[in-house]
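J.: sequence plus predicted model, see below.
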Amino acid sequence: MSSPFSIGDIVNGRYRLVAPIVSSPTADVFRADDLSLTRPVAIHVAPFSLHNDAVFLQAFREEATAAAALNHPHVLRVYDWGEEAGGAYLVTEFPVGGTLRSVLDRDGLMDESKVALMGLELADGLAYAHARGIVHGALSPATIHFDADGRSKVADFGFATAIAKSHIGPSTDIRYASPEQAQRLAVDGKTDVYTLALILFEAITGSIPHEQSSPAETLTARIGTPLPSHPSIRSLDMVLAQAGAYDAKFRLDAASLTTRLQATVGALSSSATNTASMAPAAVVPSDAARVTKRPSLGFQAPTSSDVLTGETAPVPPSTLIEGIESVRSSGEVPMGDFENYRPAARRKRSWLRPALAATLFLVTVGLVGAYATGMFKPAHTVPSVLGLTQQQALSVVSDSNFKLEITGHSFSTTVDDGLIASQTPDAGTSLQEGESLRVSISQGAPPVAVPTNIIGMDCASATQALVGVGLKAACPSSAAVKSTKVPAGHVVKVTYDSQTNPASVPKGATVTLVLSRGNGSATSTTTSTTQPSNGHASRPVPNVVGKSRTQVFALMHTAELYFVTTGPGSNNGTWHTVVSQTPAPGTSIKWHGTVHMTVK
């Protein structure tokens, strides 16, 4: 992501840019000096590709006005906003503590109690914004900042929603996308809650749940899959399971998450104060770094009821003791030693025969009722309905008087769209008449993520990049548009089925590449001799030793890599030169990997 502004520029005649802070899919963030009030501020600049975009700018004005009205200790305060040089920017308070992304890259994992407190603060800020109709939609560690006291704050409210309405479309970092974003469904406040659960999980474990080797696999893994458990997550396990429920109906909203985290933070504080010297040392499993599917820590996976109520914890010993004392005081059993208690010697009962007769009567009534309710209905072997249409399956199961219950839909690489992909119980097992055979309907192959780096490529290079991920492309001259930013013959945007720059499309789909015709009306096509990109493959680390802050910022954006700095001036962005780097220049690392730099 490039910016129309450079270090030293004075924006709006008031804000002098001092140093870059961080970059995210929603904005480039700079440290700046407010020359009018003589205080440090942060300037968040919209992506360069949105400059002069009339749709985005109109949406930005509306969203920025709403964001500026937010006043909460855990939402980064917006001081000012505006447009200059064709671009949009927000001016906010300066977060001297850096971002969560820089903290995780520098310090590694965070203690669970600290993560719980951070989560409480962020959930509280989100709940405040959601109550006012504002959804973030693009949370990531890069949009979470810390003030001088270590308090966490959510940044970039206003940008994400406005970007989603532009020709670019949603600006979410795919690694933190929710199931509804993966399926291109409408988003609401619970989308932010799911992403926050992923971020808190990463802060404790160092891994992002369901992250795969490619964006498409990551998106597919998010659909219909619960948040995994991890040995490092103890007190927050059920809270994160509820906040990270793949079905939004069972997911906590931000206000409920705040309440749950308040209780967790209180319990952690109390435990640390009262039981630290009494508790035995915890036994850490040898495979503590392994993420496993639920259940993996000696408890059952949460059902939908569990997720709604959270009542899966064992009964505390204090509650059991109170129950025992209640029984003792009621007189139902003798007071004294419960372990050595024995019933008194039996005596002859004159009412024995009438009781037996009553029992036989009740058993008879029960048997008659069981027969009437179908307990003794005949059973049949379950047939296979895999690969059939719903109508065909209904015909098959009706022969055995079974019911057919559609439990959901799922992606499948082996079963065509609209056909039955799975069934429960399995074929060959036994099922009583009148019972339901539960089936899932295939949605066809999972969607394929559209490479984001094809914007700006020529038609031939962009087509090859799309072919590499299983898609097709067309570059009709009739679709070309005038552009002052993109060279003639290069891609301005991607369209598919009335969507502009979709995050993903069905495998094998043909997308339209809208080319630039430059400043004139003629359409020209150029062919690049550069080896085309193959999506989000590994990429070489650029040589940044001896480079300035501005040069590093530009090089790392071009390579689509993150970086973290150590050394004088690294905490406040006042460093000016890179002394060394790891990995070495030319080393191939994964997309969005991190380069560590020593600066001065």
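T.: Yep, it's here.

J.: so, low pLDDT: which residues of the stretch 501-600 of the chain?
T.: Applying pLDDT under 70 to the stretch 501-600 of the chain flags residues 520-536, 570-573.

J.: what segments of it are strands?
T.: 504-506, 510-515, 539-540, 562-566, 578-582, 588-589, 594-599 (DSSP state E, counting those that start in this stretch).

J.: helices or strands next to the third one in the packing?
T.: Read that as strand 539-540. strand 588-589 (3 or more Cβ pairs under 8 Å, 6 or more residues apart in numbering; DSSP states H and E). In short, each C-beta sits where N, CA and C put it, glycine included.

J.: okay, now the sheet partners of the strand it packs on, with direction.
T.: With DSSP bridges as the test, strand 588-589 is paired with strand 539-540 (antiparallel).

J.: can you report how many residues neighbour Arg438?
T.: Neighbourhood size, Arg438 [other Cβ atoms under 10 Å]: 15.

J.: would you confirm that it contacts Glu405?
T.: Yes. Between Arg438 and Glu405 there is a contact under Cβ atoms under 8 Å: 4.7 Å.

J.: circling back: so which of the strands of the stretch 501-600 of the chain gets nearest His409?
T.: His409 lies closest to strand 504-506 among those, at 14.0 Å (Cβ to Cβ).

J.: list the strands paired with that closest one, with their directions.
T.: When DSSP bridges is applied, strand 504-506 pairs with strand 447-449 (antiparallel).

J.: residue ranges with poor pLDDT in the protein?
T.: 1-4, 25, 49, 51-52, 86, 164-172, 270-377, 520-536, 570-573.

J.: leaving aside the residues next to it on the chain, what's closest to Leu388?
T.: Ile420 (5.4 Å; Cβ to Cβ, 6 or more residues apart in numbering).

J.: quick check: bridge partners of the one you found?
T.: Taking DSSP bridges as the rule, Ile420 bridges to Ile441.

J.: can you tell me how far it sits from Ser580?
T.: Separation of Ile420 from Ser580 (Cβ to Cβ, to the nearest Å) stands at 58 Å.

J.: higher neighbour count, the two?
T.: Using other Cβ under 10 Å as the criterion, Ile420 and Ser580 rank with Ile420 on top: 23 against 14.

J.: state the distance from the more buried one to Asn401.
T.: Distance from Ile420 to Asn401, by Cβ to Cβ: 19 Å.

J.: same thing with Ala197?
T.: Note on Ala197: its distance to Asn401, by Cβ to Cβ, is 44 Å.

J.: just to revisit the earlier point, my guess is the residue nearest to Leu388 meets Ser384, correct?
T.: No. Assessed by Cβ under 8 Å, Ile420 is found out of contact with Ser384, at 9.4 Å.

J.: what sits closest to Val78 if chain neighbours are left out?
T.: The nearest residue in space to Val78 (Cβ to Cβ, 6+ apart) is Ala68, at 4.3 Å.

J.: try Asp124
T.: Distances taken as Cβ to Cβ, 6+ apart put Thr258 closest to Asp124, at 4.9 Å, once the chain neighbours are dropped.

J.: what's the local residue count around that neighbour?
T.: As a burial measure, Thr258 scores 20 neighbours (other Cβ under 10 Å).

J.: what helix or strand is it on?
T.: helix 254-274 (DSSP states H and E).

J.: over to Asn453: give its phi and psi.
T.: The phi/psi pair for Asn453 (degrees, to the nearest 10) reads phi -90, psi 10.

J.: can you count the residues close to Ser398?
T.: Neighbour count for Ser398, taken as other Cβ under 10 Å: 11.

J.: now swap in Ser422 and tell me
T.: Per other Cβ under 10 Å, the neighbour tally for Ser422 reads 17.

J.: pull out the buried residues from stretch 469-484.
T.: For stretch 469-484, burial by neighbour count (16 or more other Cβ atoms under 10 Å) applies to 469, 471, 473, 475, 480, 483.

J.: distance to Thr550 and secondary structure added to the residues you listed, as JSON lines?
T.: JSON lines is the format used below for those (distance: Cβ to Cβ, whole Å; DSSP: H, G, I helix; E, B strand; the rest coil):
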{"residue": "Val469", "distance to Thr550": "33", "secondary structure": "coil"}
{"residue": "Leu471", "distance to Thr550": "36", "secondary structure": "coil"}
{"residue": "Ala473", "distance to Thr550": "35", "secondary structure": "strand"}
{"residue": "Cys475", "distance to Thr550": "35", "secondary structure": "coil"}
{"residue": "Ala480", "distance to Thr550": "34", "secondary structure": "coil"}
{"residue": "Ser483", "distance to Thr550": "26", "secondary structure": "coil"}
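
J.: nearest to Thr566 among those?
T.: Nearest to Thr566 among the buried residues of stretch 469-484, with distances taken as Cβ to Cβ, is Val469, at 36.3 Å.

J.: roughly how far apart are that closest one and Ser102?
T.: In terms of Cβ to Cβ, Val469 sits 31 Å off from Ser102.

J.: now Ile199
T.: Taken as Cβ to Cβ, the span from Ile199 to Ser102 is 14 Å.

J.: show me the contacts for the residue nearest to Val78.
T.: 78-81 (Cβ atoms under 8 Å, 6 or more residues apart in numbering).

J.: in helices, which of those residues fall?
T.: If you go by DSSP state H, these have nothing in helices.

J.: max pairwise distance over these: which two?
T.: Tyr79 and Trp81 (8.5 Å).

J.: give me the more crowded residue out of the two.
T.: A direct count of neighbours by other Cβ under 10 Å for Tyr79 and Trp81 places Trp81 higher, at 21 against 17.

J.: give me the secondary structure label for the spatially closest residue to that one that is not a sequence neighbour.
T.: Using Cβ to Cβ, 6+ apart and skipping residues adjacent in sequence, the residue nearest Trp81 is Ala64, 4.1 Å away. Under DSSP: H, G, I helix; E, B strand; the rest coil, Ala64 falls in the helix class.

J.: Ala64 contacts Val91, correct?
T.: No. At 10.1 Å, Ala64 does not count as touching Val91 under the criterion of Cβ under 8 Å.

J.: give the buried residues for stretch 580-591.
T.: Buried residues in stretch 580-591 (16+ other Cβ under 10 Å): Gln581.

J.: can you list contacts of it?
T.: Under Cβ under 8 Å, 6+ apart, the answer for stretch 580-591 is 536-545, 560-561, 595-598.

J.: distance between it and the chain's centre?
T.: In terms of Cα atoms, centre = their mean, to the nearest Å, the centre of stretch 580-591 is found 27 Å from the chain centre.

J.: could you export that stretch as CSV, CA atoms only?
T.: Taking Å, rounded to 0.1, in the frame of the first residue of the first chain, the C-alpha atoms of stretch 580-591 are listed here in CSV:
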residue,chain,number,x,y,z
SER,A,580,21.1,-5.2,10.0
GLN,A,581,18.2,-7.5,9.1
THR,A,582,17.0,-11.1,9.5
PRO,A,583,16.4,-13.0,7.3
ALA,A,584,19.1,-12.1,4.9
PRO,A,585,18.2,-10.3,1.6
GLY,A,586,17.0,-12.7,-1.1
THR,A,587,15.7,-15.3,1.4
SER,A,588,12.2,-16.6,0.5
ILE,A,589,9.6,-16.3,3.2
LYS,A,590,5.8,-16.7,3.3
TRP,A,591,3.4,-13.9,2.3
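
J.: my guess is His576 contacts Gln551. True?
T.: No. With contact defined as Cβ under 8 Å, His576 does not reach Gln551; the gap is 10.6 Å.

J.: now Ala162: how far from Ile420?
T.: Using Cβ to Cβ, Ala162 is found at 42 Å from Ile420.

J.: now the end-to-end length of stretch 583-593.
T.: End-to-end span of stretch 583-593 (Cα to Cα, to the nearest Å): 10 Å.
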